[in-house]
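In: here is my input; please provide its structure:
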Amino acid sequence: MAAAKRDEKGRFQIGNPGGPGRLKRQTEAGYLSVLMEACDLETWRGIVDRAVTDATDGNEKARSWLASYLVGAPSAEAPSTSTVVIQQLLHVDPALDAAAAQLAKPAIGREKYPILQADDEWIDAIKAEAAAAILAAEQTDAG
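Out: Modelled structure (predicted):
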């Protein structure tokens, strides 16, 4: 195999195809295998139980660790304090407004474009039936 062509600073020259590089995940798989051997599910359960106990007792690191797995990082930025105060003063709830707009969309569409949705009542009936079934299943699971 011919030696790689490099410049005077040791960098690959333009046009050098390079090599295959390290196989993907080969090193990580080895470490993960050793970790899984040393920490079986019962050991992991003990670690989690201890983290829950520590978090309940006020340990901030344990709370943070559990939250990172259970809740994850926030996907959106929190609103500023002034935004929250203004929304409260105006009785505005962005989540409620978005939900209301989504729920109202079919009815608004029927009013604006009646010819396009003349026979869509059966779709609404099926959606309502599906929603009722989901709610009933959730209540059964919770109870």
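
In: show the pLDDT at residue 95.
Out: In this model, residue 95 is scored at 87, pLDDT.

In: quick one: it from residue 103, how far?
Out: 13 Å (Cβ to Cβ, to the nearest Å). Using the backbone N, CA and C atoms, a C-beta is placed for each residue, glycine as well.

In: for residue 7, same thing?
Out: Distance, residue 7 to residue 103, by Cβ to Cβ: 65 Å.

In: check residue 62 too.
Out: 40 Å.

In: the two: who's more crowded?
Out: Higher neighbour count among residue 62 and residue 103: residue 62, with 17 against 9, using other Cβ atoms under 10 Å.

In: pretty sure the more buried one sits against residue 54.
Out: Yes: if you go by Cβ atoms under 8 Å, residue 62 and residue 54 touch, sitting 3.8 Å apart.

In: which ones are touching residue 8?
Out: For residue 8, no contacting residues are found, by Cβ atoms under 8 Å, 6 or more residues apart in numbering.

In: helix, strand or coil for it?
Out: coil (DSSP: H, G, I helix; E, B strand; the rest coil).

In: need the pLDDT of it.
Out: Looking at residue 8, its pLDDT reads 85.

In: with residue 4 instead?
Out: 60.

In: next: residue 142.
Out: Value listed for residue 142 in the pLDDT field: 69.

In: going forward can the numbers begin at 19, since that is how I track them
Out: I'll keep to 19 as the first residue from here, and by that count the last item is residue 160.

In: run a quick neighbour tally on residue 151.
Out: Residue 151, neighbours per other Cβ under 10 Å, totals 10.
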